[in-house]
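J.: Sequence first, predicted coordinates after that:
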Amino acid sequence: MIKRGDFAVEVIRSRRRTLTLMVREGAVCVRVPLRLPHAEIEAVITRKRNWIERKLAEHRLAPAPPERSFISGEEIPYLGRNYRLEVALSDVASVRLMQESLRVRAAADSLHREAVRAQLTDWYARQAEQHLIRRCRDIGKLVGRTPKSVTVKHYRARWGSCSVSGDIRFNWEIIMAPPAVVDYLVAHELCHLLEHNHSAAFWRLVEQACPDYRRYRAWLKSHGRMLRL
């Protein structure tokens, strides 16, 4: 952890070739190669300090993420569409996507907020895994590469990542976004299999796979904070 005035930066070392600085949900994180000297990391943070402070200020001024109650009648997004939550008692716990609603069946001792949230989280994560693996396969045909593995879990400060060894990871909460936005994220990470940076060459690859990527990238920046359970 590197402290700079009013903020701290989490340093994550991994088998990567480039340094990536991220600010999301009020947290600052820098991902760096395993052997990058600490002094170089500090120099980048010092150089980017104004940018970091501006992003943190934008976060403080942005609308707060939804505070969900997980009760019947509440609306929750799934693949860009809002579904009405229906919570009821049942001997068998289940979550089922209906035409207009998301039906949660829970035992009597599992109707409280956190239990329903946990049940929905598990369902969303499973749906995200299935959808993202399928889209990686389909969009991978356009990019010309497929990942070594696809992992879906919760990340606080990122939507996705691609390791130098070819493993792609996604934040399952992206499944709340519209399908085109999900596809943009998939294309973005797949293109990192060819260009593990954000160079002009990388963005040309993204545009080939997702011609309207600027629109979807902007949507994710503007609305991503609302994609929360």
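T.: Yes, it's here.

J.: What does the nearest residue to Glu75 once chain neighbours are set aside show for phi and psi?
T.: Excluding its sequence neighbours, the residue lying closest to Glu75 (CB to CB, 6 or more residues apart in numbering) is Asn82, at 4.2 Å. Placement of C-beta: from N, CA and C, glycine included. Note on Asn82: backbone dihedrals following degrees, to the nearest 10 are phi -80, psi 130.

J.: count of neighbours near Ile45?
T.: 19 (other CB atoms under 10 Å).

J.: Look up which helix or strand it falls in, please.
T.: helix 38-47 (DSSP states H and E).

J.: mean confidence for that helix?
T.: For helix 38-47, mean pLDDT rounds to 91.

J.: what distance separates the helix or strand where Glu86 lies from the middle of the whole chain?
T.: Following DSSP H and E, the helix or strand that holds Glu86 is strand 81-89. Distance, stretch centre to chain centre, for strand 81-89: 23 Å (CA atoms, centre = their mean, to the nearest Å).

J.: Kindly report the same for stretch 145-164.
T.: 9 Å.

J.: do stretch 170-189 as well
T.: Relative to the chain's own centre, stretch 170-189 is displaced by 7 Å; criterion: CA atoms, centre = their mean.

J.: Can you get me the start-to-end distance on it?
T.: One end of stretch 170-189 sits 9 Å from the other (CA to CA, to the nearest Å).

J.: That one: which residues count as buried?
T.: 170-178, 181-189 (16 or more other CB atoms under 10 Å).

J.: go on, stretch 200-207?
T.: Across stretch 200-207, burial judged by 16+ other CB under 10 Å covers 202-203, 205-206.

J.: And for it, what's in contact with it?
T.: 143, 184, 187-188, 191-192, 194-195, 213 (CB atoms under 8 Å, 6 or more residues apart in numbering).

J.: Tell me the secondary structure at the most far-flung residue of the chain relative to its centre.
T.: For the chain, the largest distance from the centre (CA atoms, centre = their mean) belongs to Asp91, which lies 33.6 Å off. Three-state assignment for Asp91 (DSSP: H, G, I helix; E, B strand; the rest coil): coil.

J.: gap between it and Glu114?
T.: 21 Å (CB to CB, to the nearest Å).

J.: follow-up on the earlier one: among the buried residues of stretch 170-189, which lie within strands?
T.: 170-171 (DSSP state E).

J.: what distance separates the start and the end of stretch 153-162?
T.: 14 Å.

J.: For it, which outside residues touch it?
T.: Applying CB under 8 Å, 6+ apart, the set of residues contacting stretch 153-162 from outside is 22, 24-25, 27, 29, 31, 125, 147, 168-174, 185-186, 188-190, 192-193, 196, 220, 224.

J.: could you redo the last one with a cut-off of 7 Å?
T.: When contacts are defined by CB atoms under 7 Å, 6 or more residues apart in numbering, stretch 153-162 is touched by residues 22, 24-25, 27, 29, 168-172, 174, 185, 188-189, 192-193, 196, 220.

J.: Stretch 38-53 too?
T.: Residues outside stretch 38-53 that contact it (CB under 7 Å, 6+ apart) are 2, 4, 7, 9, 11, 19, 21, 23, 28, 30, 32.

J.: Okay, the residue lying closest to the third one once chain neighbours are set aside and Pro178: tell me how far apart.
T.: This means Phe7. Excluding its sequence neighbours, the residue lying closest to Phe7 (CB to CB, 6+ apart) is Val28, at 5.6 Å. Computed as CB to CB, the Val28 to Pro178 distance reads 28 Å.
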